[in-house]
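Novice: I'd like to go over a predicted model; first the sequence, then the structure.
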Protein chains: 4
Amino acid sequence: MKQLNIGIIGAGRIGKVHMQSITYNVPGARVLGITDVFKDGLQELADKYGIEKVYEDYREMLADKDIDAVLVCSSTDTHADISIEAARAGKHVFCEKPVDLTPEKVKAVIEAVEKAGVKLQVGFNRRFDHNFAHVRSLINDGKVGNLELIKITSRDPEPPSAEYAAVSGGMFLDMTIHDFDMARFLAGCDVTEVYVNATCLVDPAIGEAGDVDTAIINLKFENGALGVIDNSRRAAYGYDQRIEVFGSLGAAMAANDTPTNVTVMNADGVTTDKPLYFFLERYMQSFRDEMIQFVDAVQNDKPTPTTGLDGLNSILVALAAKKSVAEGRAVKISEIG
Amino acid sequence: MKQLNIGIIGAGRIGKVHMQSITYNVPGARVLGITDVFKDGLQELADKYGIEKVYEDYREMLADKDIDAVLVCSSTDTHADISIEAARAGKHVFCEKPVDLTPEKVKAVIEAVEKAGVKLQVGFNRRFDHNFAHVRSLINDGKVGNLELIKITSRDPEPPSAEYAAVSGGMFLDMTIHDFDMARFLAGCDVTEVYVNATCLVDPAIGEAGDVDTAIINLKFENGALGVIDNSRRAAYGYDQRIEVFGSLGAAMAANDTPTNVTVMNADGVTTDKPLYFFLERYMQSFRDEMIQFVDAVQNDKPTPTTGLDGLNSILVALAAKKSVAEGRAVKISEIG
Amino acid sequence: MKQLNIGIIGAGRIGKVHMQSITYNVPGARVLGITDVFKDGLQELADKYGIEKVYEDYREMLADKDIDAVLVCSSTDTHADISIEAARAGKHVFCEKPVDLTPEKVKAVIEAVEKAGVKLQVGFNRRFDHNFAHVRSLINDGKVGNLELIKITSRDPEPPSAEYAAVSGGMFLDMTIHDFDMARFLAGCDVTEVYVNATCLVDPAIGEAGDVDTAIINLKFENGALGVIDNSRRAAYGYDQRIEVFGSLGAAMAANDTPTNVTVMNADGVTTDKPLYFFLERYMQSFRDEMIQFVDAVQNDKPTPTTGLDGLNSILVALAAKKSVAEGRAVKISEIG
Amino acid sequence: MKQLNIGIIGAGRIGKVHMQSITYNVPGARVLGITDVFKDGLQELADKYGIEKVYEDYREMLADKDIDAVLVCSSTDTHADISIEAARAGKHVFCEKPVDLTPEKVKAVIEAVEKAGVKLQVGFNRRFDHNFAHVRSLINDGKVGNLELIKITSRDPEPPSAEYAAVSGGMFLDMTIHDFDMARFLAGCDVTEVYVNATCLVDPAIGEAGDVDTAIINLKFENGALGVIDNSRRAAYGYDQRIEVFGSLGAAMAANDTPTNVTVMNADGVTTDKPLYFFLERYMQSFRDEMIQFVDAVQNDKPTPTTGLDGLNSILVALAAKKSVAEGRAVKISEIG
């Protein structure tokens, strides 16, 4: 089978992750070219990974007939427009999350890819995490019985800068969006209602900017199960990513990943490793596996594992969460969009 | 110091627990007499524990000048009235939880003991549990920093009978009442607002009786921290009693107690013990320790560790939780009573 | 059934443990009297536990017709003689370990109890420990298959004083004796050969006194399985008591007991409790349960769970271990005694 | 810096592992060519990894001026001769373990590389394992204090075939050789004496071939510490690879790696993953990291992390272990070779 030629738009942190994964760990694909609005170091990056082409801008990339698929790794506000242009140019699209902060533009992306007959995958990488994917498979295999409760703990090691927080759309659209997708993934159905119990305890600047940094988010699912996410923008011990599902036959829990399985016992206590601190370390395996599946979906004309609808529905939940905070009440997803 | 002579009113499950603890493990006290509306086996019980007196009814016990203190272990609907009578008879009172299902009667008990100048302790035994007390001491010692989040998992192994559920006042007053007290204990302050996300997934009969059996209960505390309790009336793997507190400097988590620390590794997996199944096993140490503290409070004229106000405030939270379910909104504690 | 009247000879640390257990936690028995060569505080002790009689010496106790059984908790060098006298006086005997440091005297005790037709139980309390007893039951139930390997980790929190070490008979007879019995208990058969790899790393004074404080002890069992014990006289993190058994179908491992199941996560790491530090805390449940079984054996004329032969055979292994160190070779048990 | 051109001799299981690592995960190097005595599928393998050359035999590879270094991944009996020829041809040598089953030939390899002035690294990959390397760093950092005891548990999931066992040199040279190197690595010094307590419990065919399959191996180290390895050729629950070091300030323990950190709790118990079953999964990270270090040593003219002397000394310990079994006594390393 012909190797898939991928173009990466945006050579920031996540763009580099995909360059590395595709170059070294994704069979059947290569990065043919890259582009970024920041030109500094771009050629060096291309050299490092043996990437042939550095485009002046993404439009040049989209015009390149040799490009089969693009990864949209640019800033969030450009995701939707670039994805639509890429679809119109006949390129398969992998779009980082969130697709956009408004449902309207996400819908426009979905329409564009449908019309163009290209694939669209949204970067909800955590579905491919070894722990979380295993929990989902246990649910699928009936090991927890009828699903009753989903609990997600998701705490970042450090709060974002005030500037970043300001343009990120707020915690729910920036950080919790992953947890909303995880909740939907584990539940196997959509969320119907959200209630948020939130406050600002980590950084007053976040509160002054109108956002929250500590939250308990309640979900109701279509299948009757309940969900709860607890978020904090700062955990002194590092990146805390755990889930627990509970059903009629039992429960399954995913603990944090750690650098080693070493325990130290001394006069001070019995100590083990803190969780992997940085999301790129914690989720590297999942970034690789989502890319393998994207390439497989394109090459073998399969459905992508995370669709435009996943991108849309998670944003609807995030917007309902924002509304819940603003109005101090439970908000139905049907009220949004 | 003179040994404290205790009378136990109600020789059911919990009354027997206290008989055993006091007889074998509580220095400075003995069970002088017992009484119960059910006479069957009462004398045998007295013989087993070397208890001198079996009273015809609790009034006879209250009239006995040799009795210094009584434990009110009768049915919930009689707790308040008996406690009031006991206080008026000059006896110190240990009252099982809940003191009553209405705030008015709890207040009446508090007034009666204050007027009589006797001690009142309410049976929130879990505060004395080795795990939970240790978490509280870590908070007190500043080990988690500024408290931001309290999470309590509390799942019973099996749902109650429909009959029991009917008279219990509902899940919040019967089961969650312990978790409300634990939340207040860990937070070190009162709850100000409750929102409940609840449903009936375990037993339809419970739903038909107007109750819930699966719930996520959101709390706001006076100190600005948030809380969340998840409850189920049935856990296939047994009695699940965990807590997690999270603050600016880190987190502390209490796992379940198990019969042994043995791990079995074979072709099927790596298996450890299920949690201690029965609450009397799980919490035996805490039942003993609450009694030691009650005897100490009486003998040395100290404040009791769990007061009438603790009994009252937990009930207010429970009633707010019921109201939240009924009205589908967050309820402030100030709206109750 | 008539309550068993027990006399305790020796009111030191372990004698007090049994006083407490019997008084509070052993149904069907009471401590009728105590005696000790040290008279200080003896009457106060009797008062504390409601013990009727304080004897001038153990002979007075043995002459008391009301005494049914005695616990020999005096110094090790008197164990055998007192046990023999007690048997001749028709008393059932519970003798602390080791029965004696010489096989000859242990045999004399066995003969004396057999001749007198009284029960003899030796204080190998660890067989009754919840973790270790569970591992044995897993073996019995075939859960590990054909037994191939037994590993025992046994490390004391602190080395004994030089004076104590001098009269204790050396590490193997004083400390490892428990592990030898545990090995025999887990194997379900006797040891046939010992090889010791030992040295002195903890306290030079121990080495100067001709003893070792750090050892790896190799065992061969009658059933073909192999065993290994690792001992240290000092563990910075506390009392380390673990076992692992391995067989054709899998393995079972007993971890340490801890005061709580609380985990603390902060910038320094993820920390849990150190093992219970003091052997009386760690093994309190086993001291109680061995006493329950002793009373049951006497009251219901059953075999005692740890016999004179257990006492004898463990000492033979300990002596073989000493010989192995002295001669730098594997020593067969048949070479001893 | 010029990319290092590597040739791989032997395209079996371990040869393929290195092909994959170098191609995808080792910066600064590429596999220029491969060769094997079995020609089937060799060209397909080269195509898969984009390898330019497939040599007729290893001599052709050694004659290729473009080859900078070779990996000797052929059958054990050819390791030494090929390594010597490679050194003479001026190629740096990475040689899989064991270098040879006789000390003489290992010494000849060491001499050859010294004379040729090329690098030699021996494939003791486990030193690079994240868990074990971390334990070593804890020792180096003084976290366990003065080292007193090293315990290694090393159990294979399944016994080898009788044919393989016959040519492997026996369990000590084939399997325990890794553990001997690990012991030396952790101790930071050489072994001085070995005593083996071994038997055949897994497969009678192994015993009939004169080998053992179950062993407790005792070590004495130059620094006075003691060591013990327990080996089995079969563990029902999979590949069991744990270590524990113990010193004056505490202990460090490395547990097994598992596919996930998921726990399942149901009516049958609380279950977690079995260890990673296959050594290629378990040690993939270490195979990659040893290669990164080999390339680094060659490119930057640094000492290799595992030397010919490591290869030699581990074999001396293995031969001492064999002698100990044969003669039933402790054997000093100085008696060997």
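Specialist: Looks like it came in fine.
Novice: for A:L312, give its distance to chain C.
Specialist: As judged by C-beta to the nearest C-beta, to the nearest Å, A:L312 and chain C stand 36 Å apart. C-beta coordinates here come from the backbone N, C-alpha and C atoms, glycine included.
Novice: contacting residues around the residue nearest to that residue when sequence neighbours are not counted?
Specialist: Nearest non-adjacent residue to A:L312, counting by C-beta to C-beta, 6 or more residues apart in numbering or on different chains: A:V106, 4.5 Å away. In this structure, A:V106 makes contact with A:A80, A:P98, A:V99, A:D100, A:G308, A:G311, A:L312, A:I315, judged by C-beta atoms under 8 Å, 6 or more residues apart in numbering or on different chains.
Novice: alpha carbons only: can I get the strand or helix carrying A:V106 in PDB?
Specialist: Assigned by DSSP states H and E, A:V106 falls within helix A:103-116. Only the C-alpha atoms of helix A:103-116 are listed here, as PDB (Å, rounded to 0.1, in the frame of the first residue of the first chain):
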ATOM      1  CA  PRO A 103     -21.100  24.700  17.900                       C
ATOM      2  CA  GLU A 104     -21.900  26.500  14.600                       C
ATOM      3  CA  LYS A 105     -18.400  26.400  13.300                       C
ATOM      4  CA  VAL A 106     -17.900  22.800  14.400                       C
ATOM      5  CA  LYS A 107     -21.100  21.900  12.400                       C
ATOM      6  CA  ALA A 108     -19.600  23.800   9.500                       C
ATOM      7  CA  VAL A 109     -16.500  21.600   9.600                       C
ATOM      8  CA  ILE A 110     -18.700  18.500   9.800                       C
ATOM      9  CA  GLU A 111     -20.600  19.600   6.800                       C
ATOM     10  CA  ALA A 112     -17.500  20.400   4.800                       C
ATOM     11  CA  VAL A 113     -15.900  17.000   5.400                       C
ATOM     12  CA  GLU A 114     -19.100  15.200   4.600                       C
ATOM     13  CA  LYS A 115     -19.500  17.200   1.400                       C
ATOM     14  CA  ALA A 116     -15.900  16.600   0.400                       C
END
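Novice: which SSE is immediately downstream of that helix?
Specialist: For helix A:103-116, the following helix or strand on the C-terminal side (DSSP H and E) is strand A:120-122.
Novice: who's in contact with that next one?
Specialist: Applying C-beta under 8 Å, 6+ apart, the contact partners of strand A:120-122 are A:83, A:87, A:92-97, A:99, A:109-110, A:113, A:290, A:293-294, A:297, A:304-308, A:310-311.
Novice: among these, name the buried ones.
Specialist: Neighbour-count burial within these applies to A:83, A:87, A:92-97, A:99, A:109-110, A:113, A:290, A:293-294, A:297, A:304-308, A:310-311; the criterion is 16 or more other C-beta atoms under 10 Å in any protein chain shown.
Novice: of these, which belong to helices?
Specialist: Those of the buried ones among the contacts of strand A:120-122 mapping onto helices are A:S83, A:A87, A:V109, A:I110, A:V113, A:E290, A:Q293, A:F294, A:A297, A:G308, A:D310, A:G311, per DSSP state H.
Novice: show me which of the residues you listed is closest to C:F180.
Specialist: Of all those, the one sitting nearest C:F180 is A:E290; the distance, using C-beta to C-beta, is 56.6 Å.
Novice: can you give me the neighbour number for whatever residue of the stretch 1-150 of chain A ends up closest to chain D?
Specialist: Among the residues of the stretch 1-150 of chain A, A:Y24 lies closest to chain D, at 3.8 Å counting by C-beta to the nearest C-beta. The local packing count at A:Y24 equals 15, with neighbours defined by other C-beta atoms under 10 Å in any protein chain shown.
Novice: check the one 10 residues further on too.
Specialist: If you count neighbours by other C-beta under 10 Å, A:I34 ends up with 29.
Novice: look at the spatially most central residue of chain A and report its pLDDT.
Specialist: Most central residue of chain A, judged by C-alpha distance to the mean C-alpha position with C-alpha atoms, centre = their mean, is A:F124 at 3.3 Å. Reading off the confidence values, A:F124 has pLDDT 97.
Novice: how near is it to A:I6?
Specialist: To A:I6, A:F124 is 19 Å away according to C-beta to C-beta, to the nearest Å.
Novice: over to A:A69?
Specialist: When distance is defined by C-beta to C-beta, A:A69 is 5 Å away from A:I6.
Novice: equivalent analysis for A:S83, please.
Specialist: Applying C-beta to C-beta, one obtains 15 Å for the distance of A:S83 from A:I6.
Novice: and what of A:L309?
Specialist: Taking C-beta to C-beta, one finds A:L309 at 23 Å from A:I6.
Novice: same question, A:D129
Specialist: A:D129 sits at a distance of 22 Å from A:I6 (criterion: C-beta to C-beta).
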